[in-house]
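Asks: turn this into a model:
(one chain, ligands or ions: 2)
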Amino acid sequence: MVYTIREVVSFLDSIAPPAYQESYDNAQLITGDPNTKVKGILCSLDATEAVVDEAISLGCNLIVAHHPIVFKGLKSFTGKNYVERTIIKAIKNDIGIFAIHTNLDHVAHGVNKKIADKIGLKNTKILSPKKGILNKLSTFVPSAAVEQVMTALFDAGAGKIGDYSGCSFMSEGSGTFTPSEKANPTIGKRNKPEKALETKIEVMFPSFLESQIITALKNAHPYEEVAYYIHQLENENQEVGAGMVGELSTALDEKDFLAHLKSSMNLQVIKHTTLINKPIKKVAICGGAGIFLLNAAKKSRAEIFITADVKYHEFFDADNQIVICDIGHYESEIFTKELLLELLSQKFTNIALYFTKIVTNPITYL
Ligand SMILES: [Zn+2]
Ligand SMILES: [Zn+2]
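Replies: Ligands and ions are numbered 1, 2, ... in the order given. Now for the predicted structure:
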């Protein structure tokens, strides 16, 4: 079985929908023709020039990276900086670069779950679930067609709540309508007011699936004109959002936990605030720059918050309520390359999959 870049991209999009990325992000196929047949995939945190060279030497024509090499529009391609040089090299060598960034940070089985697994956290939950990304569909279906409409809606991605699928609410009632002279009614006659027994179906769905769900509804519904309403919900989506919180199976004292953190995440250095003499049981994490989640971490009653890119003044905000740990951006997210390889190997069993051996961390320690 030969797969194209498009097929690999659509699989990864199903794992971490691009709609879940931040507005400043550029998680998408950055170079490469989607119709190209994939020979091998190299997974990495960053797609630098050296990683492109590594892909060439391994015979890989697709790099799947967490951080996009390009964030903003490029206006020239002369090779004057590492971004331009990387893009030029990738294009010259027919290497696709795909970035799966904040969308992979925001899903429950993404970057932060991998960190949680490394540290050994159980009962993990999204630390700051996103709001405003769920809608509700209400539609009215004649009884005979309820089954086919429900199946079509569920197949299109509606009705999933946490670990449950096929979630809906149905109520029976009467619908009224009068078909016009030009109508071709399934029930009733032209110019004659009609009253039909109908079932109201209500289902939730992720907002980004709206057009595919409405298409599925219209295709499955027997009426010429389908009556439906869509409401945006205020509900949090527990499965999508920033950071994660979880628990250790047994509480550790702070120093023991820091030693455990250092060995499990393979760290050289941990920068942390003053210890507060509380055993560590609940741990909040956010791979990369996550200090914006400090209040959410405190609210979750975590004793410690592990993230990266914390500035001097931000450390003060720990305020003896929590221990803030900065473990380094690269170090916090380096296992993402393993995660990418694991995800890809679920589907692409006959594509050669690698993760980079290159240390792309621009920071070194003396
Ligand atoms: Zn990240
Ligand atoms: Zn990052």
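Asks: next up, the contacts around residue 360.
Replies: 44-46, 48, 50-51, 330 (CB atoms under 8 Å, 6 or more residues apart in numbering). Backbone N, C-alpha and C define where each C-beta goes, glycine included.
Asks: filter those down to the ones close to ligand 2.
Replies: Among the contacts of residue 360, no residue is within reach of ligand 2 (CB under 5 Å from the ion).
Asks: reformat the residues you listed as JSON lines; add pLDDT and secondary structure.
Replies: Formatted as JSON lines, the contacts of residue 360 follow (pLDDT from 0 to 100; DSSP: H, G, I helix; E, B strand; the rest coil):
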{"residue": "44", "pLDDT": "98", "secondary structure": "strand"}
{"residue": "45", "pLDDT": "98", "secondary structure": "strand"}
{"residue": "46", "pLDDT": "98", "secondary structure": "strand"}
{"residue": "48", "pLDDT": "97", "secondary structure": "coil"}
{"residue": "50", "pLDDT": "98", "secondary structure": "helix"}
{"residue": "51", "pLDDT": "98", "secondary structure": "helix"}
{"residue": "330", "pLDDT": "98", "secondary structure": "helix"}
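Asks: and of those, the nearest to ligand 2?
Replies: Closest approach to ligand 2 among the contacts of residue 360 (CB to the ion): residue 45, at 7.4 Å.
Asks: report pLDDT for the nearest residue to that closest one once chain neighbours are set aside.
Replies: Counting by CB to CB, 6 or more residues apart in numbering, residue 66 is the residue found nearest to residue 45 once chain neighbours are left out, at 5.1 Å. Looking at residue 66, its pLDDT stands at 98.
Asks: please renumber so the chain begins at 24
Replies: All set: I'll call the first residue 24, so the last point we hit is now residue 89.
Asks: flag every residue of this protein that's near ligand 1.
Replies: Checking the chain against ligand 1 by CB under 5 Å from the ion, the hits are 128, 134, 310-311.
Asks: one more time with 6 Å, if that's ok
Replies: Selection of the chain residues close to ligand 1 by CB under 6 Å from the ion yields 89, 128, 134, 310-311, 356.
Asks: flag every buried residue along stretch 370-378.
Replies: 371, 374, 376-378 (16 or more other CB atoms under 10 Å).
Asks: including distance to residue 256, could those residues go into a markdown table?
Replies: Output for the buried residues of stretch 370-378, formatted as a markdown table (distance: CB to CB, whole Å):
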| residue | distance to residue 256 |
| --- | --- |
| 371 | 35 |
| 374 | 39 |
| 376 | 38 |
| 377 | 42 |
| 378 | 38 |
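Asks: ok, those vs residue 84, which is closest?
Replies: In terms of CB to CB, no member of those lies closer to residue 84 than residue 374, at 10.4 Å.
Asks: just to check, the closest one is in contact with residue 64?
Replies: Yes - using CB atoms under 8 Å, residue 374 is in contact with residue 64, at 5.9 Å.
Asks: which stretches of the stretch 174-323 of the chain form helices?
Replies: Remark: helices assigned in the stretch 174-323 of the chain by DSSP state H, counting those that start in this stretch are 233-243, 277-287, 317-322.
Asks: hey, which of those helices is tucked in deepest?
Replies: Mean neighbour count (mean count of other CB atoms under 10 Å) peaks for helix 317-322 among the helices of the stretch 174-323 of the chain, with a mean of 19.
Asks: in a strand, residue 355, correct?
Replies: No - applying DSSP: H, G, I helix; E, B strand; the rest coil, one finds residue 355 to be helix, outside a strand.
Asks: kindly report the residues of the protein close to ligand 2.
Replies: Counting by CB under 6 Å from the ion, the chain sits next to ligand 2 at 90, 311, 352, 356.
Asks: who's in contact with the first one?
Replies: If a contact means CB under 8 Å, 6+ apart, then residue 90 has 68-70, 122, 124 as its contacts.
Asks: from these, which single one is nearest residue 291?
Replies: For the contacts of residue 90, the nearest to residue 291 is residue 68 (16.6 Å; CB to CB).
Asks: ok, the closest one to residue 137 distance?
Replies: Relative to residue 137, residue 68 is positioned 12 Å away (CB to CB, to the nearest Å).
Asks: and the two? which has more neighbours close in?
Replies: residue 68 (26 against 22; other CB atoms under 10 Å).
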